[in-house]
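Asker: Show me the folded form of this:
(2 chains, ligands or ions: 4)
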Amino acid sequence: VFQSVAGKAALEKEDLEPALKALKERLMTKNVAEEIAEKLCESVATSIVGRKQASFSLVSSTVKAAMEEALLRILTPKRSIDILRDVHAAKEAGRPYTVVFVGVNGVGKSTNLSKVAYWLLQHDINVMIAACDTFRSGAVEQLKTHCRRLNIPLFERGYEKDPAAVAADAIRAAAREKRDVVLVDTAGRMQDNEPLMRSLSKLINQNQPDLVLFVGEALVGNDGVDQLMKFNQRLADLSVGSAPRLIDGILLTKFDTIDDKVGAALSMVYVSSAPIMFVGCGQTYTDLTKLNVKQIVRTLLK
Amino acid sequence: MVLAELGGRITAALQSMTNATVIDEAVLKECLNEIASALLQADVNVKFVKEMRDNIKKVVNFDDLAAGHNKRRIIQQSVLSELVRMLDPGKPAYQLKKGKPNVVMFVGLQGSGKTTTCTKYSYYYQRKGFKPAMVCADTFRAGAFDQLKQNATKAKIPFYGSYTETDPVKIAQEGVERFKAEGCDLIIVDTSGRHKQEAALFEEMKAVEDVVNPDLVIFVMDSSIGQAAFAQAKAFKDTSNVGAVVVTKMDGHAKGGGALSAVAATKSPVIFMGTGEHMDELEVFEAKSFVSRLLGMGDMSSFVNK
Ligand SMILES: Nc1nc2c(ncn2[C@@H]2O[C@H](COP(=O)(O)OP(=O)(O)OP(=O)(O)O)[C@@H](O)[C@H]2O)c(=O)[nH]1
Ligand SMILES: Nc1nc2c(ncn2[C@@H]2O[C@H](COP(=O)(O)OP(=O)(O)OP(=O)(O)O)[C@@H](O)[C@H]2O)c(=O)[nH]1
Ligand SMILES: [Mg+2]
Ligand SMILES: [Mg+2]
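Answerer: Ligands and ions are numbered 1, 2, ... in the order given. Down below sits the predicted model:
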């Protein structure tokens, strides 16, 4: 990796190969999905090939610098969403702002929904939670407990009800009661489970939430790519409006369980181009932060 | 179906060697690259894939191999036996014994599927004639007791827990004692999700284990887990007397390589696979037939041992 090609006219693909191979392996060790690590290395190669190598500089440093640049570009949000501003705008318009939390089983949707509720409360926003996981045992009681602790209202209709209808009733109730925000919890589902994906799409189509937040865990490996791709794909395919409905943002959970293996953050953003709006880093209400892009890039390249 | 996808890539890589007229180092390298990338996409531990490549290269020594030797077969055998080695600790899991109270404790990361698997496991053995009971020693997660209670009620399995007691050790002890007295022969203890970075949570797990003195500790792992799997699995093994593994959510798209390569860290066999959210969606796991299914081959246990 430390070979120097100072004096050569321009860098060729072969000169880069050992450094790229080492870099790809490093990214994968940090839990970046294989496909993403490969694509990134390819694009970095394309950006350097033909470039003049400054004398006495190492190829590996050139490659690393180009990768750092690429990572920063990918992880820096292209569209920024300011929830607090949007909540106030909805309030001005006299309607509640709604957020739907979606994702596969057990990633932390309900827990982090409660953390978001707590965060909104800190900003003097009046919140209601809607229990639209009407399937998993204990799902309603889980939210009941959080609502009691946070002293906020829960809208629930028990189990085995149509979640789309429960959400619609909840939003109507919130409008009536002049709530600022409705946080809609949904059941976990595998991205390949067609009936459950249809049911989710129905909930979103019928209720047109302001924000669809995809909840994904930092522990996830290559499947993270597939999860985001398929949630996006199914939601888009089944959209009823003129514009396809996609994932608006990502909530990355369990960031406290992965040490330096931060790669899922990159994989998720890379495939969806959606911003990571929150990072869950523990099991209490205050364990919710913003993504630190620079730190992620540093960790990935270390 | 997803397994077949991975198996298909590996089989195709091996097949490309058959098609090559001369099998030289370049052909071998190409084949191993393809297999490695298939395994990495399945989340198999990066270090393990590297080791596996080195091991295979060692086995396939071109100079030593007499002309006419079937190199493809040697490579194929090495790939298979490396995969089986990853999954097979060489000793079976504790077998439940009828007529005595078997205590089984479930541990694992947050949200991996412990509580759901407790019911599936109880239900499975209930149909085999055991008298199971479940204890909810998760006093941390909101709604944990309700979840276990609703599941147990559906499966008609007795349960124990508390809405007010906050000490999981106390509940575990009381629950196990109660069900022993009631003559249950399979007592399941569900615990909170935890992770190695929080020492207090691991101490709590140890304390529960000490007081219930389980015959078997089952580590539950989510099949979608990536490269963090190994370190977490090892930490659980180092703190708790893990004796078996259940890999959950195999009905999803994940190929399970992260979880399966972390099995080595637990030095324990995988005994079941979770394949859905319902209580009957649990399949017995057998490493050798799993790998052969993975590779889209017949039963290869005899093949590997050759
Ligand atoms: N360490 C850690 N644990 C978390 C975090 N977020 C959630 N959890 C835990 O993960 C487990 C699952 O969380 P839930 O909120 O129930 O997950 P869910 O996605 O709603 O699950 P389903 O509704 O069953 O699909 C719980 O034990 C949470 O305490 C986090 O940021 N860090
Ligand atoms: N599709 C699918 N979902 C599963 C499977 N096993 C568990 N789940 C789901 O995964 C989610 C988490 O399961 P739990 O049993 O609550 O996980 P846990 O490990 O007890 O979670 P904590 O107690 O919070 O650590 C729930 O939505 C379950 O329905 C499985 O094999 N397939
Ligand atoms: Mg939930
Ligand atoms: Mg549980």
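
Asker: And the helices in the stretch 51-200 of chain A?
Answerer: According to DSSP state H, counting those that start in this stretch, the stretch 51-200 of chain A carries its helices in the segments A:59-75, A:83-92, A:109-122, A:139-150, A:163-176, A:194-207.

Asker: Looking at these, which is nearest to ligand 1?
Answerer: helix A:109-122 (3.2 Å; Cβ to the nearest ligand atom). For every residue, glycine as well, the C-beta is placed using N, CA and C.

Asker: Okay, buried residues for the closest one please.
Answerer: Using 16 or more other Cβ atoms under 10 Å in any protein chain shown as the test for burial, helix A:109-122 gives A:109-121.

Asker: from these, which is closest to ligand 2?
Answerer: A:Thr111 (8.1 Å).

Asker: Next to ligand 2 in this structure, residues from chain A, please.
Answerer: Counting by Cβ under 6 Å from any ligand atom, chain A comes close to ligand 2 at A:Asn105, A:Gly106, A:Arg136, A:Gly188, A:Met190.

Asker: Produce a PyMOL select command limited to the buried residues of the residues you listed.
Answerer: Typed into PyMOL, the line below selects the buried ones among those, using 16+ other Cβ under 10 Å:
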select buried, chain A and resi 105+106+136+188+190
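
Asker: In TSV, list the residues of chain A next to ligand 2 along with distance to A:Arg85 and pLDDT.
Answerer: Output for these, formatted as TSV (distance: Cβ to Cβ, whole Å; pLDDT from 0 to 100):
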residue	distance to A:Arg85	pLDDT
A:Asn105	33	98
A:Gly106	32	98
A:Arg136	34	98
A:Gly188	30	98
A:Met190	35	98
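
Asker: Farthest-apart pair in the residues of chain A next to ligand 2, please.
Answerer: A:Arg136 and A:Met190 (13.3 Å; Cβ to Cβ).

Asker: can I assume B:Ile218 is in contact with B:Val245?
Answerer: Yes - using Cβ atoms under 8 Å, B:Ile218 is in contact with B:Val245, at 7.1 Å.

Asker: mind checking the SS state of B:Pro89?
Answerer: coil (DSSP: H, G, I helix; E, B strand; the rest coil).

Asker: Also A:Ser242?
Answerer: Per three-state DSSP, A:Ser242 ends up coil.

Asker: Ok, the one 3 residues further on next?
Answerer: Remark: A:Arg245 carries the secondary structure label coil [criterion: three-state DSSP].

Asker: which one is it nearest to, not counting chain neighbours?
Answerer: Distances taken as Cβ to Cβ, 6 or more residues apart in numbering or on different chains put A:Ser239 closest to A:Arg245, at 4.3 Å, once the chain neighbours are dropped.

Asker: Now do the contacts for that neighbour.
Answerer: With contacts taken as Cβ atoms under 8 Å, 6 or more residues apart in numbering or on different chains, A:Ser239 has the following neighbours: A:Ser201, A:Asn205, A:Arg245.

Asker: what's the overlap in contacts for B:Ile218 and B:Val245?
Answerer: B:Ile271.

Asker: mean confidence score for stretch B:93-105?
Answerer: Mean per-residue pLDDT for stretch B:93-105: 95.

Asker: Contacts for that stretch, please.
Answerer: B:121, B:125, B:129-130, B:176, B:179-180, B:184-189, B:191, B:208-209, B:212-218, B:243-244, B:268-269, B:271.

Asker: what's the answer for stretch B:32-46, then?
Answerer: By Cβ under 8 Å, 6+ apart, the list of residues contacting stretch B:32-46 from outside reads A:25, A:28-29, A:33-35, A:38, A:221-223, B:6, B:9-10, B:12-14, B:16, B:49, B:52-53, B:56-57, B:79, B:86, B:224-227, B:229-230, B:254-262.

Asker: of the contacts of stretch B:93-105, buried ones?
Answerer: B:121, B:125, B:130, B:176, B:179, B:184-189, B:191, B:208-209, B:212, B:214-218, B:243-244, B:268-269, B:271.

Asker: Near ligand 1, which residues of chain A? Just list them.
Answerer: A:103, A:105-112, A:133, A:136, A:139, A:187-188, A:253-254, A:256-257, A:280-283, A:287.

Asker: which of these come close to chain B?
Answerer: A:Asn105, A:Gly106, A:Val107, A:Gly108, A:Ser110, A:Thr111, A:Arg136, A:Ala139, A:Lys254, A:Asp256, A:Thr257, A:Gln283 (Cβ under 8 Å from any Cβ of the partner chain).

Asker: Mind putting those into JSON lines with distance to B:Tyr94?
Answerer: As requested, these are arranged in JSON lines below (distance: Cβ to Cβ, whole Å):
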{"residue": "A:Asn105", "distance to B:Tyr94": "28"}
{"residue": "A:Gly106", "distance to B:Tyr94": "26"}
{"residue": "A:Val107", "distance to B:Tyr94": "31"}
{"residue": "A:Gly108", "distance to B:Tyr94": "32"}
{"residue": "A:Ser110", "distance to B:Tyr94": "34"}
{"residue": "A:Thr111", "distance to B:Tyr94": "33"}
{"residue": "A:Arg136", "distance to B:Tyr94": "30"}
{"residue": "A:Ala139", "distance to B:Tyr94": "33"}
{"residue": "A:Lys254", "distance to B:Tyr94": "30"}
{"residue": "A:Asp256", "distance to B:Tyr94": "32"}
{"residue": "A:Thr257", "distance to B:Tyr94": "28"}
{"residue": "A:Gln283", "distance to B:Tyr94": "31"}
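
Asker: Could you let me know which of those residues ends up closest to ligand 3?
Answerer: A:Ser110 (3.3 Å; Cβ to the ion).

Asker: Would you agree that closest one is in contact with A:Glu141?
Answerer: No - using Cβ under 8 Å, A:Ser110 makes no contact with A:Glu141, being 10.7 Å away.

Asker: Using the three-state scheme, assign the residue nearest the centre of chain A.
Answerer: Geometric centre of chain A, nearest residue: A:Ile250, 2.1 Å, by Cα atoms, centre = their mean. With three-state DSSP as the basis, A:Ile250 sits in strand.

Asker: Let's see the pLDDT reported for the closest residue in space to it that isn't next to it in sequence.
Answerer: Spatial nearest neighbour of A:Ile250, excluding adjacent residues (Cβ to Cβ, 6+ apart): A:Ile276 at 4.7 Å. At A:Ile276, the predicted lDDT confidence score is 97.

Asker: got the buried residues for stretch A:89-100?
Answerer: A:Ala90, A:Lys91, A:Pro96, A:Tyr97, A:Thr98, A:Val99, A:Val100.

Asker: Revised request: answer the last question for stretch A:281-291.
Answerer: A:Cys281, A:Gly282, A:Gln283, A:Tyr285, A:Asp287, A:Leu288, A:Leu291.

Asker: Quick check: buried residues in the strand or helix carrying B:Ile10?
Answerer: Using DSSP states H and E, B:Ile10 falls within helix B:2-19. By neighbour count on 16+ other Cβ under 10 Å, the buried set for helix B:2-19 is B:Val2, B:Leu3, B:Leu6, B:Gly7, B:Arg9, B:Ile10, B:Thr11, B:Ala13, B:Leu14, B:Met17.

Asker: Which helix or strand lies directly C-terminal to it?
Answerer: helix B:25-41.

Asker: now that following helix: how far from the chain's centre is it?
Answerer: 25 Å (Cα atoms, centre = their mean, to the nearest Å).

Asker: so it versus helix B:2-19, what angle?
Answerer: 180 degrees (axes from the mean of the first three to the mean of the last three Cα atoms, to 10 degrees).

Asker: dump the residue contacts of residue 115.
Answerer: With no chain named, the answer covers chain A. Contacts of A:Lys115 (Cβ under 8 Å, 6+ apart): A:Phe278, A:Gly280, A:Tyr285, A:Thr286, A:Asp287, A:Leu288.

Asker: I was after chain B.
Answerer: So B:Thr115 contacts B:Phe106, B:Asp138, B:Ala144, B:Gln147, B:Leu148, B:Asn151, B:Asp190 (Cβ under 8 Å, 6+ apart).
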